[in-house]
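>>> Predicted model and sequence below, questions to follow.
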Amino acid sequence: MYSWIKENERLSFLKPEKIFGSSEMTAVDQHTVLENFKENRCNILVGTNVVEEGTDVPACNLVFRYNYMSSDVGRTQAKGTYF
């Protein structure tokens, strides 16, 4: 998905970044990507369920889930909280 967005000329206005689990990406790198998203240096995150739990991104207004949510935690996190 990340590569498709980056390579698609019609989507050049998007600023995607990838975020993956710690076996593929360090915690520092993950934190940097999340900060970039929070500060609008990127506006699309493509990643694994590493951001499913314990991540607070208030400006996120849409989540696309590609895979089945296998737990109540996953469903709750994907749904988010509205104040």
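Great, that's in hand. Residues are numbered from 1 along each chain as shown.

>>> Look up the pLDDT of Glu52 for me, please.
For Glu52, the pLDDT comes out at 64.

>>> same check, this time on Glu24
Note on Glu24: pLDDT of 76.

>>> residue ranges of the helices in this structure, please?
Listed in chain order, the helices of the chain (DSSP state H) span 2-7, 27-38, 72-79.

>>> For the second one, buried residues please.
The one in question is helix 27-38. Neighbour-count burial for helix 27-38, counted by 16 or more other C-beta atoms under 10 Å, picks out 30, 33-34, 36-37. For the C-beta atoms, the positions are set from N, CA and C on the backbone; glycine is no exception.

>>> Turn these into a markdown table, including distance to Gly21.
A markdown table is the format used below for these (distance: C-beta to C-beta, whole Å):
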| residue | distance to Gly21 |
| --- | --- |
| Gln30 | 9 |
| Val33 | 12 |
| Leu34 | 14 |
| Asn36 | 18 |
| Phe37 | 17 |
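
>>> any idea which of the helices of the chain scores lowest on pLDDT?
Comparing mean pLDDT over the helices of the chain, the weakest stretch is helix 72-79, at a mean of 63.

>>> Met25 against Ile19, yeah?
Yes. Proximity of Met25 to Ile19 meets the contact threshold set by C-beta atoms under 8 Å, at 6.8 Å.
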